[in-house]
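**Student:** got a predicted model here, sequence first, then my questions.
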Amino acid sequence: MTEVTTSSNPLRDALDRRLPRIAGPSGLVIFGVTGDLSRKKLMPAIYDLANRGLLPPGFSLVGFARRDWEHEDFAQVVHDAVKEHARTPFREEVWAQLAEGFRFVPGDFGDDAAFETLRTTIEDLDKARGTGGNFAFYLSVPPKFFPLVVEQLKKHGLSEGPSDSWRRAVIEKPFGHDLKSAEELNQVVHKVFSPDQVFRIDHYLGKETVQNILALRFANTMFEPLWNRSYVDHVQITMAEDIGIGGRAGYYDGIGAARDVIQNHLLQLLALTAMEEPGSFHPKALVTEKLKVLAAVQLPDDLGAHTVRGQYAHAWQGGEEVLGYLEEEGISPDSKTDTYAAVRLTINNRRWAGVPFYLRTGKRLGRRVTEIAVVFKRAPYLPFESGATEELGENALVIRVQPDEGVTVRFGSKVPGTSMEVRDVSMDFAYGESFTESSPEAYERLILDVLLGDANLFPRHQEVELSWNILDPIEEYWASNGKPAEYAAGTWGPVEADEMLARDGRSWRRP
Ligand code: BG6
C-alpha cells in the first residue's frame, strides 16, 4: 500500500507542484451521505472538481446510508445538490460521465452484510472504472459512530486495498469534545489506519485566504521584520456569523461556540499567524512549526477576567423578530451553551512573549466576517503639534479571510490642507481586483488533496489534542462559574467582551 511520504528531493517536489494537480485513479465513499454537509458541500465540490478537469475519468462516488435507495435515487440526490450548490456551470457531458460512477449501498453502520456489499461494490468499480483500489472513506457522521465505522472498515478488509493501492480515512469535525475524548478517538482510528492515512478536516485550512497567510508572511520581506513583540501590540482573530444555529440544535447545544470554532478554526488561524517559517512546505515541516506554537500557548491566570461567553437573546432586527437561543427549536430553556466566546491567549516564546492574541467568535453577530488583525504599537514619539494626531489609530494589517477576501493595511496619512493633521487611511488588496483566477471552494481543495495524498492542509492528531488542551480549562471554568452573558441578536456580543478588552486598555475592532 502506498503511503504519503516525505520526499528527499525538494527540487523535484517543487517542479511537481507546478504541474496541474489532477487526481489519479480513485474513488470516494461517503458515510453520512444524507446529511447537510454532504449535500451542500461535498457533492457540489466533487462535481466542481470534475468540471474543472481535476478528477480522473473513472472517478467513482459511493454513498452509504440507511435509506431504501437504488443507485438512481442516489444519483438524483447528487444531481439536485449539484444544481443547487455547485459553483461551476452545469454541463451535461461532465455530469453524465461522473454519474456513471455513482453507487449506493444501503445499510446501518453495524450491518455486516452492508459492509460486504460495500467491499464488492468497490471491487466492481475497480474493474468497471479502473479506480485501481484507491479509495478514501469520508466519515461525515457524528463522532459517536467513528469507532464503529472504522472497525467495520477493518473487519471487512476495506482499510487496506490491493498492493500498490491506497486507502485513506477522512474525518470531519468535531474531533471529540475535550482532550480525553479526542485521545480516545485518535486511538480508535490509529488502531486501523496509520497516521499518514488519516485526513482530519478543518475546512478553514482549505480556504484560499487562510493559505495566503503563509504566502504573505514568507514570500515577502516587508512584513516579517515587524511580525514580533517589538512591533506588534496585539492580534485580534474574529470569526463572526450573522446566522443562528439553524436546524443544528442537536449538534450545537452542549457544544457551543468555543468548542465548535475556537478549538479548531481559530486556533489554526492563530498557529499560522504566529508560527516560525517552516524549513519546507512538507506536511511534517508545517506541522512541526504549528505544534510549537500550540504547545507554547498560555492561558490567562484569571480566566474570569480574560474570557467571556455569551448567548444571543431575542431581538428585533430591521423590523423582523429574531429568536433568542433559548427559544430556538430543540434547545432547553435553561441551556448554558455559549453562542459567543472570546478568550485572551499569549504565546510563550521569544517572538511573542507578552503579546495578547484575542480570539472571538459568535452566532447572530452584527455581520458575517472572519479576519485576522495584527495591530501594531504606536510610534514611540510623534513630532507633531498637539491635536495633529487625535484621529490617528494604531497601524494594522488585516487579513480579510471572508467574505470580502483580501488584505488591508491601515496607517496614518496627512489630511490634505494647510495644517498638519494626521488621520488613518487604508491600502487594500482585494482578490477580485488582483486576480482573474477564481478561488476553489474549501472542500474542493481538501477533497482533491485527499485524493492526491497531500496532507499539508490537514491537522495532525497532536494539533487536535493540543488545541483541546488549551480549551479544556476554559470550558471547565465556565462550567462551574455561572452562565453565559446575554447579547441581543445582531449586536457585536455581550458588553462583558468589551469590558474584557477595556481592562487591557484596548477595544475590539468593528469589522
Ligand atoms: C463550522 C461550524 O465548522 O463552520 C459552524 O461548525 C459554522 O457552526 C461554520 O457555521 C462556518 O463556516 P464558514 O466557512 O461559513 O465560515
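**Tutor:** Everything's here; your move. Numbers count the residues shown, from 1 in each chain.

**Student:** per-residue pLDDT, the spatially closest residue to Arg91 that is not a sequence neighbour?
**Tutor:** In this structure, Arg91 finds its nearest non-sequential neighbour in Asn51, 6.3 Å apart by C-beta to C-beta, 6 or more residues apart in numbering. Heads up, the C-betas are built off the backbone N, CA and C, glycines and all. pLDDT recorded at Asn51 is 97.

**Student:** I figured Asn51 hits Thr88, correct?
**Tutor:** Yes. With contacts counted by C-beta atoms under 8 Å, Asn51 reaches Thr88, the gap being 4.4 Å.

**Student:** give me the neighbour count for the residue nearest to His156 when sequence neighbours are not counted.
**Tutor:** Distances taken as C-beta to C-beta, 6+ apart put Phe115 closest to His156, at 4.1 Å, once the chain neighbours are dropped. Phe115 sits with 21 neighbouring residues when counted by other C-beta atoms under 10 Å.

**Student:** also Ser181?
**Tutor:** Counted with other C-beta under 10 Å, the neighbours of Ser181 add up to 15.

**Student:** before we move on, what about Ile243?
**Tutor:** 9.

**Student:** residue contacts, it?
**Tutor:** Taking C-beta atoms under 8 Å, 6 or more residues apart in numbering, we find Ile243 in contact with 363-364, 368.

**Student:** near the ligand too, which of those?
**Tutor:** Among the contacts of Ile243, no residue lies close to the ligand (C-beta under 6 Å from any ligand atom).

**Student:** which among those residues count as buried?
**Tutor:** Buried subset of the contacts of Ile243 (neighbour count, 16 or more other C-beta atoms under 10 Å): 363-364.

**Student:** need the contacts of Ile243 in a markdown table with pLDDT and distance to Leu98, can you?
**Tutor:** Below are those laid out as a markdown table (pLDDT from 0 to 100; distance: C-beta to C-beta, whole Å):
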| residue | pLDDT | distance to Leu98 |
| --- | --- | --- |
| Lys363 | 98 | 35 |
| Arg364 | 97 | 38 |
| Arg368 | 98 | 31 |
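
**Student:** how about a markdown table for the contacts of Ile243, with distance to Thr436 and secondary structure added?
**Tutor:** What follows is those, written out as a markdown table (distance: C-beta to C-beta, whole Å; DSSP: H, G, I helix; E, B strand; the rest coil):
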| residue | distance to Thr436 | secondary structure |
| --- | --- | --- |
| Lys363 | 35 | coil |
| Arg364 | 36 | coil |
| Arg368 | 25 | coil |
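
**Student:** redo the contacts of Ile243 as CSV? Include distance to Asn228.
**Tutor:** Output for the contacts of Ile243, formatted as CSV (distance: C-beta to C-beta, whole Å):
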residue, distance to Asn228
Lys363, 34
Arg364, 36
Arg368, 31
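
**Student:** pick the one among the contacts of Ile243 closest to Gly206.
**Tutor:** Closest approach to Gly206 among these (C-beta to C-beta): Arg368, at 17.7 Å.

**Student:** thinking again about what came up before, now for the residue nearest to His156: which residues touch it?
**Tutor:** Counted by C-beta under 8 Å, 6+ apart, Phe115 has contacts 107, 152-153, 155-156, 158.

**Student:** same thing with Ile331?
**Tutor:** 245, 249, 253, 325, 337.

**Student:** the third one and Glu93, how far apart?
**Tutor:** Translated: Asp253. 45 Å (C-beta to C-beta, to the nearest Å).

**Student:** so between the two, which is more surrounded?
**Tutor:** Asp253 (18 against 7).

**Student:** Tyr47 belongs to a helix?
**Tutor:** Yes. Per DSSP: H, G, I helix; E, B strand; the rest coil, Tyr47 lies within a helix segment.

**Student:** surely Trp227 is in contact with Ile372?
**Tutor:** No. In terms of C-beta under 8 Å, Trp227 does not count as a neighbour of Ile372; the distance is 11.9 Å.

**Student:** what segments of the stretch 1-150 of the chain are strands?
**Tutor:** For the stretch 1-150 of the chain, the strands defined by DSSP state E, counting those that start in this stretch occupy 27-31, 60-65, 102-106, 135-139.

**Student:** want to try a markdown table for these, with distance to Phe146 as columns?
**Tutor:** Output for the strands of the stretch 1-150 of the chain, formatted as a markdown table (distance: least, C-beta to C-beta, whole Å):
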| stretch | distance to Phe146 |
| --- | --- |
| strand 27-31 | 10 |
| strand 60-65 | 14 |
| strand 102-106 | 19 |
| strand 135-139 | 6 |
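
**Student:** which stretch among those strands comes nearest Glu329?
**Tutor:** Here strand 60-65 is closest among these (C-beta to C-beta), at 24.0 Å.

**Student:** the closest one pairs with which strands, parallel or anti?
**Tutor:** strand 27-31 (parallel), strand 102-106 (parallel) (DSSP bridges).

**Student:** just the angle between that strand and strand 135-139, please?
**Tutor:** Here strand 60-65 runs at an angle of 30 degrees relative to strand 135-139 (axes from the mean of the first three to the mean of the last three C-alpha atoms, to 10 degrees).
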